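Novice: pasting the structure only:
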């Protein structure tokens with residue numbers, strides 16, 4: 001079954017939180033087996049849907065979830081979520097209140113977080129049958145680690161849980177167990193969270209009903225009939241939730257206008273939730289009917305309402321007709337290049353300062369905001385200081401250059417010297433890309449990088465070229481050469497930076513999402 005929801009939606013599963021720099025360590029709202037929700041913000045309510053399996057058949061419930069964010073006490077915060085859900089066709093009503101406590105610890109560039117359900121109250125009513133969560137027998141825990149690399153934060157985690165429901169107080173129990181993995185990333189060009197959760201459902205119930213019949217004399221009588229149902233099932237929940245930016249060049253019409261067109265940036269929220277199940281077939285009385293199984297799948301495809309923004313239009317007069325025109329215009333729209341004089345000089349070599357500034361804007365690195373609060377009267381903030389003799393802290397670009405340097409993406413060529421006016425080699429550019437992504441440790445053990453001029457690649461850049469080739473950032477020229485020691489021209493730098501942006505917008509997303517939905 002496929003459903004389309006056209007409102008702004010975020011996909012959640014088992015309260016997974018994306019713990020990136022500056023993000024709250026508190027979990028996101030979720031059902032224990034997966035659900036979809038609108039944006040709750042810090043405190044708010046939103047529409048919500050999930051799949052309920054405790055009755056023995058998959059039932060989609062919908063309604064609202066409300067979030068109340070608690071105060072942080074030290075490095076621990078508690079958030080409470082209240083759910084009111086129903087399936088009118090099945091006569092099902094679900095109420096739930098869930099309080100999650102998250103404790104986090106930051107060590108260097110890593111953040112570890114432990115989340116557990118400290119309060120769980122839930123009631124599911126289907127007709128005359130009520131499932132009540134036994135809080136004392138139910139547990140839910142999640143553990144995640146986030147690694148903050150220079151331009152991307154990556155996270156991974158595990159989740160385990162068990163929920164035990166009593167049926168009509170004394171008729172039996174339903175037990176749901178689950179475990180799974182969570183992985184994802186967060187960076188200015190997109191964020192993705194993918195999850196694979198595997199679970200079981202076990203039910204054992206004995207109940208009685210009153211049935212109308214007749215005695216030997218044909219007189220109507222009521223008799224008590226005992227029923228027993230014992231069954232088990234399995235389920236798999238797979239989720240991808242994505243926020244991404246698309247870039248599209250939009251030409252202007254009519255032609256009588258001072259600029260030909262410009263780039264449109266569109267931000268969208270997308271998500272996929274797929275629940276596969278293997279359950280028994282039940283008759284109208286709720287007892288197992290034969291040995292055949294009820295196997296199927298529920299899939300939700302989600303697309304949020306997009307938001308758009310027109311980017312500034314650079315007015316270069318010397319790039320028309322060049323192979324690099326689109327890349328140069330894109331980078332100019334992102335303020336990566338200065339275009340006030342209208343000349344880009346595409347064939348001129350790019351300097352290390354120019355490339356570092358362009359890379360900062362391509363990665364959308366943001367200098368930290370100044371400290372809040374007022375200084376004492378007559379006291380001025382200390383002036384910024386540059387560790388490089390050839391880069392002044394008074395340079396208007398210094399806040400961005402400082403980010404590139406402080407994050408270890410590009411550092412000096414010698415003690416106290418950034419090499420600001422030196423021309424940039426292709427090896428230096430590729431190494432900066434791999435450092436920004438945090439992929440230095442992904443270098444394969446193979447002796448060759450795969451390029452025709454492998455022997456010309458400096459030792460310090462070999463790993464970066466191997467990784468860049470593996471993930472598709474560089475592919476070599478028509479002869480298969482990397483040309484590692486060649487100086488980059490400004491248009492070649494624009495082409496490489498545009499390729500990096502495409503990787504961050506599209507390629508890394510496919511790697512994460514396809515691993516879950518194609519290989520699980």
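Specialist: Okay, I see it. Here the structure is a predicted model, which is why all the values come from computation and not from measurement.

Novice: give me the low-pLDDT residue ranges for the stretch 401-520 of the chain?
Specialist: Residue ranges of the stretch 401-520 of the chain with pLDDT under 70: 445-446, 515-520.

Novice: now do the helices in it.
Specialist: 426-437, 459-470, 490-502, 508-519 (DSSP state H, counting those that start in this stretch).

Novice: run the chain-centre distance for the third one.
Specialist: A distance of 25 Å separates the centroid of the chain from that of helix 490-502, by CA atoms, centre = their mean, to the nearest Å.

Novice: and the angle from that helix to helix 426-437?
Specialist: 20 degrees (axes from the mean of the first three to the mean of the last three CA atoms, to 10 degrees).

Novice: show me what helix 490-502 is packed up against.
Specialist: helix 325-333, helix 352-362, helix 426-437 (3 or more CB pairs under 8 Å, 6 or more residues apart in numbering; DSSP states H and E). Where you see a C-beta, it was placed from the backbone N, CA and C, and this is true even at glycine.

Novice: burial of residue 221, as a residue count?
Specialist: Using other CB atoms under 10 Å, the number of residues around residue 221 comes to 10.

Novice: whoops, residue 184 was the one
Specialist: Counted with other CB under 10 Å, residue 184 comes out at 24.

Novice: who does it form a beta bridge with?
Specialist: Residue 184 has the following beta-bridge partners by DSSP bridges: residue 155, residue 193.

Novice: quick one: it and residue 153 touch, right?
Specialist: No: Residue 184 lies out of contact with residue 153 (CB atoms under 8 Å); the separation is 9.0 Å.

Novice: any idea how the protein splits into domains?
Specialist: By the assignment in automatic domain parsing, the chain contains the domains 2-307, 313-367+386-508.

Novice: looking at the residue nearest the centre of the chain now. What's its pLDDT?
Specialist: By CA atoms, centre = their mean, the chain has its centre lying nearest to residue 192, at 2.2 Å. You'll see residue 192 listed with a pLDDT of 91.

Novice: now do residue 208
Specialist: So residue 208 comes in at 88 (pLDDT).

Novice: that one and residue 222, how far apart?
Specialist: Distance, residue 208 to residue 222, by CB to CB, to the nearest Å: 12 Å.

Novice: equivalent analysis for residue 450, please.
Specialist: 82 Å.

Novice: of these two, which one has the most company?
Specialist: Taking other CB under 10 Å, residue 450 and residue 222 do not tie; residue 450 has more neighbours (15 against 9).

Novice: and that one, what is it in contact with?
Specialist: 466, 469 (CB atoms under 8 Å, 6 or more residues apart in numbering).

Novice: same thing but 7 Å
Specialist: residue 469 (CB atoms under 7 Å, 6 or more residues apart in numbering).

Novice: for the stretch 251-400 of the chain, which segments count as strands?
Specialist: Taking DSSP state E, counting those that start in this stretch as the test, the strands found in the stretch 251-400 of the chain are 261-282, 288-303, 307-310.

Novice: which of those strands sits closest to residue 321?
Specialist: Nearest of the strands of the stretch 251-400 of the chain to residue 321, taken as CB to CB: strand 261-282 at 15.5 Å.

Novice: could you list the low-pLDDT ranges of this structure?
Specialist: Scanning the chain for pLDDT under 70 picks out 1-34, 36-43, 302, 371-373, 375, 377-378, 380, 445-446, 515-520.

Novice: hmm, 50 instead?
Specialist: 1-31 (pLDDT under 50).
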